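Student: When you get a sec, could you give me coordinates for this:
(one chain, ligands or ions: 1)
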Amino acid sequence: MTVASEAPRLIVRTVALRDHHELLGHLPETAPLAWLHNGDGLVGWGEAARLDLPAENEPNGQRFDTAARWMSELAAAADVEDAVGLPGTGPVAFGGFTFDPRSPGSTLVVPRVVVGSRAGRVWLTTICDHPGSHPDALLSSVTSTRYIGPLTWSDGSLSAQGWGGAVAAAVRRIRAAELHKVVLARDIHAEAGGTIDVRTLLSRLARAYPNCYTFCVDGLVGATPELLLRRAGGDVTSLVLAGTRPRGSTSEEDERIAGDLLASAKETEEHRYAVESLRTALTPLTSSVRLPDHPELLRLSNVQHLASPASATLREGVSTFDVIAAMHPTAAVGGTPARVAMDVIRELEGMDRGRYAGPVGWLDTRGDGEWGIALRCAHVEGSRARLFAGCGIVAGSDPEAEIAEADSKFRAMRSALAD
Ligand SMILES: C=C(O[C@@H]1C=C(C(=O)O)C=C[C@H]1O)C(=O)O
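Tutor: From the prediction side, this is the model:
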């Protein structure tokens with residue numbers, strides 16, 4: 001691992017490609033990078049530059065500023081020929097930030113090779129250190145994906161019942177007016193007989209959740225429905241999710257559950273905190289924030305959510321990392337008030353979330369990019385996968401119902417791991 005604080009000088013070439021194979025078909029097994037949505041997106045591999053950010057002790061530390069500075073230095077020093085000129089062409093960094101600024105593990109990776117596709121255009125970007133050199137990784141042959149094999153499952157920091165106890169404790173604290181909402185998560189572990197081929201997980205997730213953002217950055221792999229921020233020029237969009245119910249087994253049952261979700265005072269309260277945290281974060285950085293008056297329904301194969309699509313126009317000079325720093329953690333993954341919720345999470349979950357529930361995505365040197373909230377994901381290391389799922393807790397939450405909701409959220413990664 002290279003720990004770099006100064007950005008290196010890179011030679012970057014983006015050319016149009018005529019053939020459009022499935023993006024995932026290009027990926028080698030080692031350290032793949034991916035961001036996919038409805039078949040479009042970016043895949044990358046190799047490592048031309050990397051920034052590993054230390055844990056911060058200050059609650060409002062500097063990690064996003066450091067990342068922004070590193071990207072600007074990289075852009076200023078790079079020799080770029082970009083024959084395509086779309087968001088995601090030229091130099092690109094994939095990144096993942098820890099949920100808690102006190103946790104180590106936030107990172108940005110600039111790959112050696114990127115293949116991208118967007119609205120019928122396909123491109124290849126190579127990133128080298130010397131003029132005329134070819135990234136070795138480009139020449140490496142791609143092996144076919146492997147099955148995962150049998151898995152052994154175990155609890156993470158808390159058993160389901162133990163976590164239910166944490167939910168009950170959170171409800172008591174909310175009822176005692178310490179806070180309004182907190183999102184509590186738990187982890188579970190899977191152990192395979194050999195190294196887990198992350199590409200197998202990516203292709204299963206992309207197939208099962210085409211409307212989600214299927215990602216892989218530095219071993220964190222998942223398919224999140226929650227878009228933290230898409231930036232194209234001065235326009236930003238976001239999709240706030242909070243409020244969840246399972247899918248029905250018949251269309252009648254599905255409709256009935258959806259009706260309950262849309263009408264539930266508890267779920268709309270949970271959703272409102274998430275919307276308000278986004279509005280508060282974006283208002284100082286934008287000229288206007290557009291949000292619907294009432295949430296819509298977002299249906300995924302495992303769950304349905306209350307969803308509010310947001311859009312805004314950024315003020316001059318605001319960087320993508322300024323926006324991410326202001327938004328994270330939204331009350332969809334932290335709580336309200338944010339600081340109290342962060343302390344309650346540290347105290348009650350009994351684990352380090354790592355990059356789960358943190359911002360994950362990519363950024364180019366124009367500042368365009370897409371960042372999701374890392375949900376429905378697992379941290380995969382060798383033969384082990386650590387899966388995460390969390391639920392928003394408010395005064396009306398019931399621990400048994402939250403255990404069931406977390407199980408349905410785990411299902412995305414559990415199914416991806418099952419051959
Ligand atoms: C925290 C997670 O999901 C978040 C919590 C939700 C809820 O509590 O209803 C819904 C969507 C996400 O914002 C997760 O999937 O782990």
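
Student: Low-confidence ranges, the stretch 101-250 of the chain, go.
Tutor: For the stretch 101-250 of the chain, residues meeting the criterion pLDDT under 70 lie at 132-141.

Student: The closest residue to the ligand within it sits in which helix or strand?
Tutor: For the stretch 101-250 of the chain and the ligand, the shortest gap (CB to the nearest ligand atom) falls at Thr244, measuring 3.5 Å. Using the backbone N, CA and C atoms, a C-beta is placed for each residue, glycine as well. Using DSSP states H and E, Thr244 maps to strand 235-246.

Student: The next helix or strand after that strand vs strand 235-246, what angle?
Tutor: Of the helices and strands lying after strand 235-246 in sequence (DSSP H and E), the nearest is helix 251-263. Between helix 251-263 and strand 235-246, the angle comes out at 120 degrees (axes from the mean of the first three to the mean of the last three CA atoms, to 10 degrees).

Student: Helix 251-263 and the helix or strand following helix 251-263, what's the angle between them?
Tutor: Note on helix 251-263: by DSSP H and E, the next helix or strand toward the C-terminus is helix 265-282. Using the same axes, to 10 degrees, one finds that helix 265-282 and helix 251-263 are set 60 degrees apart in direction.

Student: Quick check: next helix or strand after helix 265-282?
Tutor: Per DSSP H and E, the first helix or strand lying C-terminal to helix 265-282 is strand 286-290.

Student: name the helices or strands packed onto whichever helix or strand comes after that next one?
Tutor: Using DSSP H and E, the helix or strand that follows strand 286-290 in sequence is strand 296-299. Using 3 or more CB pairs under 8 Å, 6 or more residues apart in numbering; DSSP states H and E, the elements in contact with strand 296-299 are helix 251-263, strand 303-314.

Student: and these, which is most packed in?
Tutor: strand 303-314 (a mean of 20; mean count of other CB atoms under 10 Å).

Student: For the chain, which residues are neighbours of the ligand?
Tutor: For the chain, the contact set with the ligand under CB under 6 Å from any ligand atom comprises 183, 185, 226, 241-244, 305, 332-333, 375-376, 389-392, 409.

Student: Let me know how buried the residue of the stretch 101-250 of the chain closest to the ligand is, in neighbour terms.
Tutor: Look at Thr244: counted by other CB atoms under 10 Å, it has 23 neighbours.

Student: Same question for Arg315.
Tutor: For Arg315, the neighbour count with other CB under 10 Å is 12.

Student: now do Ser72
Tutor: Using other CB under 10 Å, Ser72 has 15 other residues around it.

Student: Which strand or helix spans it?
Tutor: helix 63-77.

Student: What is that helix packed up against?
Tutor: strand 49-53, strand 92-96, strand 106-110, helix 320-327.

Student: tell me the average confidence for the helix or strand that contains Ala16?
Tutor: According to DSSP H and E, Ala16 maps onto strand 11-17. Over the span of strand 11-17, the pLDDT mean works out to 95.

Student: before we move on, the earlier item: a markdown table for the helices and strands packed on strand 296-299, including mean pLDDT?
Tutor: Shown next, in a markdown table, are the helices and strands packed on strand 296-299 (pLDDT from 0 to 100):
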| stretch | mean pLDDT |
| --- | --- |
| helix 251-263 | 97 |
| strand 303-314 | 98 |
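
Student: To Val115, which of these lies closest?
Tutor: In this view, these are compared for proximity to Val115 by CB to CB, and strand 303-314 is the closest at 28.5 Å.

Student: Can you give the contact residues for the helix holding Ser72?
Tutor: 4-10, 49, 51, 53, 56, 91, 93, 95, 97, 101, 106, 108, 110, 319-322, 324-325, 363, 365 (CB atoms under 8 Å, 6 or more residues apart in numbering).

Student: And the buried ones among those, selectable in ChimeraX?
Tutor: A single ChimeraX command selects the buried members of the contacts of helix 63-77 (16 or more other CB atoms under 10 Å):
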select :7,8,10,49,51,53,56,91,93,95,97,101,106,108,110,319,320,321,322,324,325,363,365
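
Student: need the helices for the stretch 301-419 of the chain, in chain order.
Tutor: 320-327, 338-349, 399-417 (DSSP state H, counting those that start in this stretch).

Student: show me the contacts for the closest residue in space to Ile393 that isn't next to it in sequence.
Tutor: Nearest residue to Ile393, sequence neighbours excluded (CB to CB, 6 or more residues apart in numbering): Ala170, at 4.6 Å. Shown in contact with Ala170 (CB under 8 Å, 6+ apart): 182, 184, 344, 348, 393, 397.

Student: Now the residue positioned nearest the centre of the chain: closest residue in space, sequence neighbours ignored.
Tutor: Residue closest to the mean C-alpha point of the chain, counted by CA atoms, centre = their mean, is Ala374 at 2.7 Å. Spatial nearest neighbour of Ala374, chain neighbours left out: Val360 (4.1 Å); criterion: CB to CB, 6+ apart.

Student: Wait, the one you found touches Glu370, no?
Tutor: No. If you go by CB atoms under 8 Å, Val360 and Glu370 don't touch, sitting 9.7 Å apart.

Student: Okay, now stretch 127-143: how far is its last residue from its first?
Tutor: 22 Å (CA to CA, to the nearest Å).
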